[in-house]
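*Asks:* turn this into a structure:
(one chain, ligands or ions: 1)
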Amino acid sequence: MTDLVLEVLRVEYAYRRDIALRGVSLQVRPGEVLAVTGPSGCGKSTLLHCAAGILRPQAGTVKLAGQDLSELSEADRTRLRRTKVGVVMQFGQLVPDLSLVDNVALPLLLEGHDRAASRRAALGWLERVGVAEDAYAVPAELSGGQNQRAAVARALVTGPAVVFADEPTGSLDSSAGEQVLDLLLEAARTGDTALVVVTHDNLVAAHADREVRLRDGLIQHEVALS
Ligand SMILES: Nc1ncnc2c1ncn2[C@@H]1O[C@H](COP(=O)(O)OP(=O)(O)OP(=O)(O)O)[C@@H](O)[C@H]1O
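*Replies:* Next up is the predicted model:
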């Protein structure tokens, strides 16, 4: 039994002729915070999408919560993503027509939980991230910081094994960014949810346990930070 929540082994990914990853390997333990850094275009987002099971690498393997993604059917991959993975993107990417509470309840509803229980859990998470008073507003009525807090709540509501965050503070001012970062770090420190965060933000990287720096689709170096 391996004590790893994520294992990426010699992963390669190309968008037609544009090679984004040239054989990247990394491992993440439960509750660990890994920052993925590097210059624009080096492959950070592609790595995150491969690790989260959103993109299928052309070579190499990704094991998420002990399961080799290449051995799963599309339906099983989707199910694993829904139950074990939370995702936070730079601009929240909430469903625009749904209120915050319905956005956060959505992953639970998709898993077949009943509506009342899903909404109760969603409200609880909106409270924890500090936007409960905005629960019935739609994203366009709220600030980027409020939306991003709700996106964090949506990522955590299923109790995932790992949260993948792509520049989660990139669209926020520094105070809103720090609050969102604190919420993600708290989930890692207290809930054993690992966090893999792509970032250009030195503050985010400084809070990680480890930093993996990419360059031209390869790991340039890996640093233990704590
Ligand atoms: N959908 C796509 N189609 C074609 N090429 C792509 C696509 N997405 C990314 N690429 C290319 O793959 C390479 C890696 O891109 P990726 O977005 O993973 O890098 P990144 O490090 O996350 O960049 P940034 O910091 O600017 O977000 C780049 O050369 C990019 O142009």
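*Asks:* which of the helices and strands in this structure ranks last by mean pLDDT?
*Replies:* helix 202-206 (a mean of 85; mean pLDDT, DSSP states H and E).
*Asks:* what are the buried residues along that one?
*Replies:* 204-205 (16 or more other C-beta atoms under 10 Å). All C-beta spots, glycine's among them, are computed from the backbone N, C-alpha and C.
*Asks:* check the secondary structure at the residue nearest to the spatial centre of the chain for me.
*Replies:* By C-alpha atoms, centre = their mean, the chain has its centre lying nearest to Phe164, at 1.8 Å. Under DSSP: H, G, I helix; E, B strand; the rest coil, Phe164 falls in the strand class.
*Asks:* what sits against it?
*Replies:* By C-beta atoms under 8 Å, 6 or more residues apart in numbering, the contact set of Phe164 is 48, 51-52, 85-88, 196-197.
*Asks:* top of these by neighbour count?
*Replies:* The residue in these with the most neighbours, by other C-beta atoms under 10 Å, is Val197 (29 neighbours).
*Asks:* which residue packs closest to that residue, ignoring adjacent ones?
*Replies:* Once flanking residues are discounted, Val197 sits nearest to Ala165: 4.5 Å by C-beta to C-beta, 6 or more residues apart in numbering.
*Asks:* looks like that neighbour contacts Val196 (just checking).
*Replies:* Yes. Counting by C-beta atoms under 8 Å, Val196 is a contact partner of Ala165 at 7.2 Å.
*Asks:* where does the prediction get shaky in the chain?
*Replies:* 1-2, 92, 226 (pLDDT under 70).
*Asks:* and it, which residues reach the ligand?
*Replies:* 15, 18, 20, 38, 40-46 (C-beta under 6 Å from any ligand atom).
*Asks:* out of these, which is nearest to Gln220?
*Replies:* Using C-beta to C-beta, Gly38 is the member of the residues of the chain next to the ligand that lies nearest Gln220, at 6.9 Å.
*Asks:* so where do the helices sit in this structure?
*Replies:* Using DSSP state H, the helices found in the chain span residues 44-51, 74-84, 100-110, 115-128, 144-156, 174-191, 202-206.
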